[in-house]
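> Let's see this in three dimensions:
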Amino acid sequence: MKKVEIYTSDTCIQCKKAKEYFQHNNIEFIEYNISSNQEYKRELIKKGYLSVPVIVIDGHDVLGFDLNRIKQLTGM
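Presented below is the predicted three-dimensional model:
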């Protein structure tokens, strides 16, 4: 199974869509909410990103809810 992580915020519509997609397709994921945890925000900035969602699938970063790239990386 692929390791899926997602950096989110409370006000991000694309984050919500990504999480719904993962849940609908039974893809387990770890969520890092930058609105409630400043350490997650620092990690995201350290990676070079200033916006969410950032989805990490087996070490590959996907900026935004790029469904084609997500499907490619998850094998869906």
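> bridging residues for the closest residue to I30 other than its chain neighbours?
With C-beta to C-beta, 6 or more residues apart in numbering as the criterion, I30 has its nearest non-adjacent residue at 4.7 Å, and that residue is E5. The way it works is simple: take the backbone N, C-alpha and C, and place the C-beta from them, glycine included. Beta-bridge pairing of E5 under DSSP bridges involves I30, V56.
> Which residues are in contact with E5?
Taking C-beta atoms under 8 Å, 6 or more residues apart in numbering, we find E5 in contact with 29-32, 55-57.
> likewise Y49?
Listed by C-beta under 8 Å, 6+ apart, the contact partners of Y49 are 7, 61, 63.
> and the second one, backbone torsions?
Which is D61. phi -80, psi 140 (degrees, to the nearest 10).
> tally of neighbours for the nearest residue to it once chain neighbours are set aside?
Spatial nearest neighbour of D61, chain neighbours left out: V54 (6.1 Å); criterion: C-beta to C-beta, 6+ apart. V54: 23 surrounding residues under other C-beta atoms under 10 Å.
> Tell me if I'm right that V54 and I6 touch.
Yes. The pair V54 / I6 is scored as a contact, 7.3 Å apart, by C-beta atoms under 8 Å.
> mind listing the helices in this protein by residue range?
Under the criterion DSSP state H, the chain contains helices at 13-24, 38-46, 67-74.
> M1: which of those helices is closest?
helix 67-74 (9.4 Å; C-beta to C-beta).
> packing partners for the closest one?
Counting contacts by 3 or more C-beta pairs under 8 Å, 6 or more residues apart in numbering; DSSP states H and E, helix 67-74 packs against helix 13-24, strand 54-57, strand 60-63.
> That helix: which residues count as buried?
Using 16 or more other C-beta atoms under 10 Å as the test for burial, helix 67-74 gives 69-70, 73-74.
> I'd like to check the angle between it and helix 13-24, please.
Here helix 67-74 runs at an angle of 40 degrees relative to helix 13-24 (axes from the mean of the first three to the mean of the last three C-alpha atoms, to 10 degrees).
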